[in-house]
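*Asks:* Quick one: sequence and predicted model below, then my questions.
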Amino acid sequence: MAGIGNSYYDLADLHKDKGPGDVINQLTELNPMLKDASAVMCNNGTQHQHSIVTGLPEVAWGKLYKGTPQSKSGKQQVSDSTGFVEGISTIDSRVLELAGDKRNNVRFTEAQTFLESMAQEVQEKMIYGNDSTNASEFMGLAPRFNDKSAVNGRQIIDAGGTGSDNQSIWIVTWGDRFCHTIYPDGTTAGVSREDKGEQRVLDADGNPYYAFEEKFKQHIGLAVKDWRYITRVANIDTSNLLADPSDIDGSGNDLYHFLRKATYQNQGRRVKQSNGQDGFYAGGKVCMYCTTDVLEALDALGTNSGGSDNFTRLTPMEIQGEEVQTYRGIIIRETDALLNTEAQVT
C-alpha cells in the first residue's frame, strides 16, 4: 500500500481526526480470508511439516480362506513456511500534548491504519505470496495452483482469457484437514501489538526529538493439506468481463458456467454439513473469493429479467449477524487483494 504524504502522524492529521468514531476507513474488510480460515501452530518451529494425499489405497473383494492384499495411500511429505510482517507507529510527543484528553483517540486512530495496512499485505500474500522468489514471504494459493498440467491441474478451471489482463475466482474449503493458516511455535495467531512508550528518535536531519511508538507484528503462513478442496477459476479476461459478463470467453459461456464447474470440482461441497445458522460446517467451511468486478457481474447475470428468467442465482444469507451473498450455499467474499492483471495460467 502506497504511503500518503509523509511517514509520520503530524498536526494536520490531528486536526482531521476528532475521535475513533469519526475516522473514515475506506479499506475495510481487507482480509476476508482471515475471517474464515482456521489457524494451527507449526509443529517444527517456524515451519509446519505435514503429509498430503496424492493417491488413495487399493482395496479388494474378500474371499473366505484367502488373504487381503496390502496397500497404502499415496502421500508426500511437505513443509510449509511462515513469514512475518511488522510496522512501527511513531507519533510526536508534542502532538499528543496538544491533543489533551484526546491523546488516546489519536493513538487508536493511527493504530487502526496500521492494522488495516497489515491486513491488506497479509491478504495479498495469502493469494500471491511465493517463498521461492522471496524468502521472507510464505507460499500463497496462486503459486500452488498455477499449472494446468500439474497433478492438481484439474482444480484449475480455464475461463479462456489470454495475455496478462486476467483475474481469478477462488473457492477454498477451510479446515484442519483441508487448508488452514499456520503460525510459529511460541507466537500467537493474529496481530500482536506492543506499546513501546516514549522513545528518543531522530528526524531526517539527525536531530533528536521524543515520540510515542507502537510496534505491530503478525506471523503467518498457509498450509494446503488436500488440494482437492480448493478450486481456481483462472484466466477470466478482465476486458471481456467488463464488456459482457454473459460471454466472457467469446463462446457464449457466462461467468456462472465456469463457477459451476469450479463448484462441482471442489470436494468441499460433498463434506460440508451446515447447521443452517452460523455458516460453519462439520467437514469444513467453504468460501468463495473474488474481485468487485466479478461480484457485480454475478449480480447482474443473476438479476431477474422477465418470466423466462425467473430465478436468482445469488442468495443472501445472514451468518453470525452479517448479511452475505452465497452461491449454492457457498459464502462469497469480496477482496481488493485479487489482481485483475494476472498472467494467463497454462
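*Replies:* In hand now; what should we look at?
*Asks:* can we go C-alpha only for contacts and neighbour counts from here?
*Replies:* Fine.
*Asks:* show me where the stretch 201-346 of the chain has strands.
*Replies:* For the stretch 201-346 of the chain, the strands defined by DSSP state E, counting those that start in this stretch cover 208-224, 230-237, 285-290, 315-319, 322-327, 330-334.
*Asks:* so what secondary structure elements neighbour the first one?
*Replies:* This points to strand 208-224. If contacts are counted by 3 or more CA pairs under 8 Å, 6 or more residues apart in numbering; DSSP states H and E, strand 208-224 sits against strand 74-92, helix 93-99, helix 103-128, strand 179-183, strand 191-202.
*Asks:* That one: partners in the sheet, and parallel or antiparallel?
*Replies:* Paired with strand 208-224 in the same sheet, following DSSP bridges, are strand 74-92 (antiparallel), strand 179-183 (antiparallel), strand 191-202 (antiparallel).
*Asks:* Can you tell me which of those is nearest to residue 143?
*Replies:* When these are compared by CA to CA, strand 74-92 sits nearest residue 143, at 13.0 Å.
*Asks:* tell me which residues of that closest one are tucked away?
*Replies:* Buried residues in strand 74-92, counted by 16 or more other CA atoms under 10 Å: 80-86, 88-92.
*Asks:* Equivalent analysis for stretch 255-271, please.
*Replies:* 255-256, 258-259, 261-263, 265-269.
*Asks:* again, but for stretch 124-140
*Replies:* Residues 124-131, 137-140 are the ones in stretch 124-140 that count as buried (16+ other CA under 10 Å).
*Asks:* Just the CA trace of stretch 105-123, in CSV.
*Replies:* Extracted in CSV, the C-alpha atoms of stretch 105-123 (Å, rounded to 0.1, in the frame of the first residue of the first chain):
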residue,chain,number,x,y,z
ASN,A,105,-8.1,8.6,20.4
VAL,A,106,-5.1,9.8,18.3
ARG,A,107,-3.1,6.7,19.1
PHE,A,108,-6.1,4.4,18.5
THR,A,109,-6.8,6.1,15.1
GLU,A,110,-3.2,5.6,14.0
ALA,A,111,-3.1,2.0,15.2
GLN,A,112,-6.2,1.2,13.1
THR,A,113,-4.5,2.4,9.9
PHE,A,114,-1.5,0.1,10.7
LEU,A,115,-3.8,-2.8,11.3
GLU,A,116,-5.6,-2.2,8.0
SER,A,117,-2.3,-1.9,6.1
MET,A,118,-1.1,-5.2,7.6
ALA,A,119,-4.4,-6.9,6.8
GLN,A,120,-4.1,-5.8,3.2
GLU,A,121,-0.5,-7.0,3.0
VAL,A,122,-1.2,-10.4,4.5
GLN,A,123,-4.3,-10.9,2.3
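*Asks:* I'd like the numbering to begin with 423 instead of 1 from here.
*Replies:* From this message on, residue numbering opens at 423, which makes the last subject stretch 527-545.
*Asks:* What are the buried residues along that stretch?
*Replies:* Using 16+ other CA under 10 Å as the test for burial, stretch 527-545 gives 527-529, 531-533, 536-545.
*Asks:* now, among these, which is nearest to residue 589?
*Replies:* Closest approach between these and residue 589, by CA to CA: residue 545, at 15.7 Å.
*Asks:* Nearest spatial neighbour of that closest one, chain-adjacent residues omitted?
*Replies:* Using CA to CA, 6 or more residues apart in numbering and skipping the chain neighbours, the partner closest in space to residue 545 is residue 453 (5.1 Å).
*Asks:* same question, residue 688
*Replies:* residue 651 (5.1 Å).
*Asks:* go on, residue 648?
*Replies:* residue 600 (5.0 Å).
*Asks:* Touching, the one you found and residue 651? I think so.
*Replies:* Yes. Between residue 600 and residue 651 a contact is recorded at 6.3 Å, counting by CA atoms under 8 Å.
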